[in-house]
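A.B. asks: Quick one: sequence plus predicted model below, questions after.
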Amino acid sequence: MRSAKAFIGKRIMIEQRYLAIKNSNRFTSRFRKGGEKATSYLSQTIKISYVASSVSFIIFSTILSEPYFGPGGSVRGLSNLTFLLYVYLMMISIYSSLIFFNTIKTNNLLEPLNPLPIRSGYGVLWSSWFRYTGSASIFVAIPPLILFYSKFGSITGIVFGIIWAFIITVFGFLAGSTISVFVSSHFNEKKRSFSNSIRGILRILVVIAIFLFFETSVYLPKDIPFVIPSLSGLESYFVFFANIPYLIYGHYFYASQYIYGILATLFYGFIIYIFYMKVGPLIYNDLNTTTAKLSTGVEKRQFHFPAYGFYRSLIMKEFRTIFRKSQNLILLFIPVFFILPTLISVLFYGDIQSIGFSSVYYSLISVVVVCSSFYSLVMIISEGSGIEVLKSLPIKTGKIIFSKNIVGLVVFIFISVPITVIFLFYSGSPLYLYFLIIFDLLSAYIFSSLFNMRRLYKKIPDGSSTVNFYSFGGNIGLAILFLFTIILIMLPVAISIAGTYELFGSYAGHPAVFYSINGSVNFVGLLMAARFVRMTL
Amino acid sequence: MSGPIVIRDLYKKYADNYALNGLNLTIDTGQIYGILGPNGSGKTTLLRILCSLLDMTSGYVRLGEFNPVEDSEKIKSMVGYVPETPALYESLTPLEYFSFVCSVRGIGQDVMERRVRNLVDAFGISDKVDDFIGSLSFGTKQKVAIISAIIHDPDYLILDEGMNGLDPRSAKILKDLLQDFASHGKTVIFSTHILEVAESVCNRISILFNGKIVIEGTMEDMRSEMGQKQSNLEDIFLKLTGDEDLKPVIETLKRTLR
């Protein structure tokens, strides 16, 4: 039974990869038949992707940690960084768990198991995710632990650090799967009314609000780590998440401190275990629930027939496939989870009125980078097996890209404009800057996402019958996409900085000129991208 | 207007294997053409190349004057395609899906309404038009796929196992529709494993085996070529695909299962 479960766990991962690449030239030119060779190739891609993710997490974390071990580094600074790395670990786990459950549900990967006399259960899903994906992100927490050990010889820090990285990873997995089910309930059966769609969005907003509350409550005690001034003694061990830097970098002078640390770890380990045991079966049942419709007999009836023009019809289709399918809807809101920690830290930590307009702008630009990269991908993978429909219809690729871009833009406006207004309001910016910056961000989003979407759409293999997250290289593909977007968006910024310098000898004191140049360059980029996409067959 | 389908020396290679291995075929307009063959013989590959959904490795293919590689958009506007498993947007309702397909294909509101109403009634799914496609049974999804493939009155109708999952009433309606299509000078190509259907509906049939056509023609042509005046399509099929004598296989199977 154990080996059968291990087989299923591995098969779920292999199946996801197979569906993504089965029609690619690279795969079909090597494997016309399945069998061991093809399976070992797919296993190899999973391993490579796992190793690549782990190594990139280690490099990323080492680069960030290294300065704290130089002459000017402090343990306090390191503990602040460690806290942020654990927040990052949680975000990655939630996001990766959402993608995992999304792919399972979209492709009905558990359906072949239903007729078999085996109870695979939530545990199989957990082990499949953790073994082949989730555990890679734990490496992000390791480098500061090792560096700290090499400097101070604290083995306790390493032990607590690894245990808590595991706890946070499990928490992220549970949170991701719970969000997936919470948002997807009532997304079945009969056609959704407008109020039902609103209810779906409200559910996501509730999730975001909970997350926001969690984030702000963790950030608000101004200097969190080992030493949160407002927390002292016993309580500093027991405040979930805020206690992590304290447990890792705390000086354990007394036996009681070790005991408190162990008690806190056992306590939260137990809570997470109970959460896992209670929520797991519910989630597994939800994934296995399929709806079957009985015929109510043939009846003649009048129906309202919605008729739209070409573009409107394409756009309506995009809206419906995104907003009616919980899996797609959740993916659209993932950028919010990524952006919030950065934005909240700037708002609460940054002393926004004195950090200067460029720092505020770079925070806002991060919203564009994350949304543009993510939405370009999500809008395409939301097609799923619908890609075969789209490819069989006489529609130019350029028109498909435009319609997808419009839907992404609407969600982007919904997310970015309130954030921008809050930031500019807090930084005391003059009103004209609101308009300049919003125009600037929107044009940057449109031109970068047009380029991104075109690039991704062209990558869909000839004859594909489905697309999913792994069709574009999984996490590594997403990282490349981020890099590509950063280059696209930072090019106009570099031009604008150079232009403002050329005019005034510095750019810090001339926000209006900087934003005017940047907005204009982005707008030119937008026109170029639109032309480029229109020419795409 | 549609013209004949002409295929010359068509090759499609996957890894080291040829799914299509130098295939030659001409299908005249106004025919219902059956493509038969065992699993993996290249039927779906051929149909997907004709629909401009898959590139060929080499060869010459024309639908009328159009080339599926260079005139992809034109071909797609002339063809109605029903895939082997219905690929549909599961979060749309059938009505919304038909509306989407009609809008993209430039069909006017009046024509669209009339056709959808008639087709939906004919296939007996008018009580399902407001349900999510994702919640429909396989047979109903297949009906949605068929309606969306014929709604624009295509010059070429290509069905890959199009009868799959249909109830007898809908299968009868589809067969009649195919005959009506052909009588109006349109071309119907369909692959099937139900040999009786192929025998009763198709004007001409070809049998594919290992990426090549092993026999082609009307039922009469095939019988005379095989020299078996009384034989049916099943006998011809099994003989040409090397499965003529299945008795030993069945006997072994029975022993294994006992």
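C.D. replies: Structure's in. What do you need?
A.B. asks: burial count for the residue in the stretch 1-150 of chain B positioned nearest to chain A?
C.D. replies: Evaluated by C-beta to the nearest C-beta, the stretch 1-150 of chain B has B:S103 as its residue closest to chain A, separated by 3.3 Å. No exception for glycine: its C-beta is placed from N, CA and C like everyone else's. Residues lying near B:S103 (other C-beta atoms under 10 Å in any protein chain shown) number 22.
A.B. asks: mind checking which helix or strand it is in?
C.D. replies: According to DSSP states H and E, B:S103 maps onto helix B:94-104.
A.B. asks: List the contacts of that helix.
C.D. replies: Contacts with helix B:94-104, where a contact means C-beta atoms under 8 Å, 6 or more residues apart in numbering or on different chains, come from A:303, A:305-310, A:312-314, A:316-317, A:320, A:393-395, B:88-89, B:92, B:112, B:116, B:120, B:125, B:128-131, B:133, B:136, B:144, B:147-148, B:151-152.
A.B. asks: as a whole number, average confidence for it?
C.D. replies: With pLDDT averaged residue by residue, helix B:94-104 scores 86.
A.B. asks: how about the helices of the stretch 101-250 of chain B, start to end?
C.D. replies: Here the stretch 101-250 of chain B has its helices, by DSSP state H, counting those that start in this stretch, at B:109-122, B:138-150, B:168-183, B:195-201, B:219-226, B:233-240, B:247-257.
A.B. asks: ditto for the stretch 101-250 of chain A
C.D. replies: Counting by DSSP H, counting those that start in this stretch, the helices of the stretch 101-250 of chain A are A:121-132, A:142-152, A:155-184, A:194-219, A:235-238, A:243-249.
A.B. asks: Quickly, which of those bottoms out on average pLDDT?
C.D. replies: helix A:194-219 - the lowest mean pLDDT of the helices of the stretch 101-250 of chain A, at a mean of 62.
A.B. asks: coming back round to it: now, of the contacts of helix B:94-104, which are buried?
C.D. replies: Neighbour-count burial within those applies to A:305, A:307-308, A:313-314, A:316-317, A:320, A:393-395, B:88-89, B:92, B:112, B:116, B:120, B:125, B:128-129, B:131, B:133, B:136, B:144, B:147-148, B:151-152; the criterion is 16 or more other C-beta atoms under 10 Å in any protein chain shown.
A.B. asks: hmm, stretch B:119-130 in reach of chain A?
C.D. replies: Yes: applying C-beta under 8 Å from any C-beta of the partner chain, one finds stretch B:119-130 in contact with chain A at B:121, B:124, B:126-130.
A.B. asks: Just the C-alpha atoms of that stretch, please, in PDB.
C.D. replies: What follows is stretch B:119-130, C-alpha atoms only, in PDB (Å, rounded to 0.1, in the frame of the first residue of the first chain):
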ATOM      1  CA  LEU B 119     -30.000  22.400 -33.600                       C
ATOM      2  CA  VAL B 120     -30.500  22.400 -29.900                       C
ATOM      3  CA  ASP B 121     -34.000  21.200 -30.200                       C
ATOM      4  CA  ALA B 122     -33.000  18.500 -32.800                       C
ATOM      5  CA  PHE B 123     -30.300  17.100 -30.500                       C
ATOM      6  CA  GLY B 124     -32.500  17.300 -27.500                       C
ATOM      7  CA  ILE B 125     -30.400  19.500 -25.300                       C
ATOM      8  CA  SER B 126     -32.600  22.600 -25.000                       C
ATOM      9  CA  ASP B 127     -33.000  21.900 -21.200                       C
ATOM     10  CA  LYS B 128     -29.200  22.000 -20.900                       C
ATOM     11  CA  VAL B 129     -28.300  25.300 -22.600                       C
ATOM     12  CA  ASP B 130     -28.000  27.200 -19.400                       C
END
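A.B. asks: where's that stretch relative to the chain centroid, distance-wise?
C.D. replies: Centre-to-centre, stretch B:119-130 and its host chain are 22 Å apart (C-alpha atoms, centre = their mean, to the nearest Å).
A.B. asks: Where does B:Y18 fall, secondary structure wise?
C.D. replies: Short version: B:Y18 belongs to strand B:17-27, going by DSSP H and E.
A.B. asks: List of residues touching the very next helix or strand once past that strand?
C.D. replies: The helix or strand immediately downstream of strand B:17-27 is strand B:32-36, counting by DSSP H and E. Strand B:32-36 is contacted from outside by B:27, B:43, B:46-47, B:178-179, B:181-182, B:187-193, B:195, B:198, B:201-208, B:233, B:237, using C-beta under 8 Å, 6+ apart.
A.B. asks: so strand B:32-36 versus helix B:233-240, what angle?
C.D. replies: Angle, strand B:32-36 to helix B:233-240, by axes from the mean of the first three to the mean of the last three C-alpha atoms, to 10 degrees: 40 degrees.
A.B. asks: Longest helix in chain A, please.
C.D. replies: helix A:255-288 (DSSP state H).
A.B. asks: what separates that helix from the chain centre, distance-wise?
C.D. replies: 24 Å.
A.B. asks: helices and strands around it, which ones?
C.D. replies: Counting contacts by 3 or more C-beta pairs under 8 Å, 6 or more residues apart in numbering or on different chains; DSSP states H and E, helix A:255-288 packs against helix A:75-106, helix A:121-132, helix A:155-184, helix A:235-238, helix A:243-249.
A.B. asks: how far away is the residue in the stretch 251-400 of chain A that chain B sits nearest to from A:I395?
C.D. replies: Nearest residue of the stretch 251-400 of chain A to chain B: A:S313, at 3.3 Å (C-beta to the nearest C-beta). From A:S313 across to A:I395, the span is 10 Å (C-beta to C-beta, to the nearest Å).
A.B. asks: repeat for A:G77
C.D. replies: 54 Å.
A.B. asks: what about the closest residue to B:I150 other than its chain neighbours, which SS state?
C.D. replies: Spatial nearest neighbour of B:I150, excluding adjacent residues (C-beta to C-beta, 6 or more residues apart in numbering or on different chains): B:G80 at 5.3 Å. Under DSSP: H, G, I helix; E, B strand; the rest coil, the three-state class of B:G80 is strand.
A.B. asks: who's in contact with residue 27?
C.D. replies: In the absence of a named chain, chain A is used. So A:F27 contacts A:21, A:41 (C-beta under 8 Å, 6+ apart).
A.B. asks: sorry, should have said chain B
C.D. replies: B:4-5, B:33, B:187, B:189, B:204.
A.B. asks: What's the local residue count around residue 153?
C.D. replies: No chain was given, so I picked chain A. 9.
A.B. asks: Let me rephrase: I mean chain B.
C.D. replies: 14.
A.B. asks: Looking at it now. What's its pLDDT?
C.D. replies: 91.
A.B. asks: show me what contacts it?
C.D. replies: Counted by C-beta under 8 Å, 6+ apart, B:D153 has zero contacts.
A.B. asks: do you know how far it is from A:T265?
C.D. replies: From B:D153 to A:T265 the distance is 70 Å (C-beta to C-beta).
A.B. asks: neighbouring strands for the strand holding B:Y18, and are they parallel or not?
C.D. replies: Under the criterion DSSP bridges, strand B:17-27 sits next to strand B:5-14 (antiparallel) in its sheet.
A.B. asks: contact partners of the strand it pairs with?
C.D. replies: A:28-29, A:32, B:18-27, B:42, B:45-46, B:49-50, B:54, B:56-63, B:156, B:187, B:189, B:211.
A.B. asks: near chain B, which residues of the stretch 351-500 of chain A?
C.D. replies: Residues of the stretch 351-500 of chain A lying near chain B (C-beta under 8 Å from any C-beta): A:384-389, A:391-396, A:462-463, A:465.
A.B. asks: Backbone torsions only: list them for the residue nearest to B:Y18 when sequence neighbours are not counted.
C.D. replies: In space, B:Y18 comes closest to B:G211 once its chain neighbours are excluded; the distance is 5.0 Å by C-beta to C-beta, 6+ apart. Main-chain dihedrals, B:G211, degrees, to the nearest 10: phi 80, psi 10.
A.B. asks: Report the contact partners of A:E318.
C.D. replies: A:379, A:382, A:403-404, A:406-407.
A.B. asks: er, B:Y156 actually
C.D. replies: B:2, B:5, B:50, B:63, B:78-80, B:186-189.
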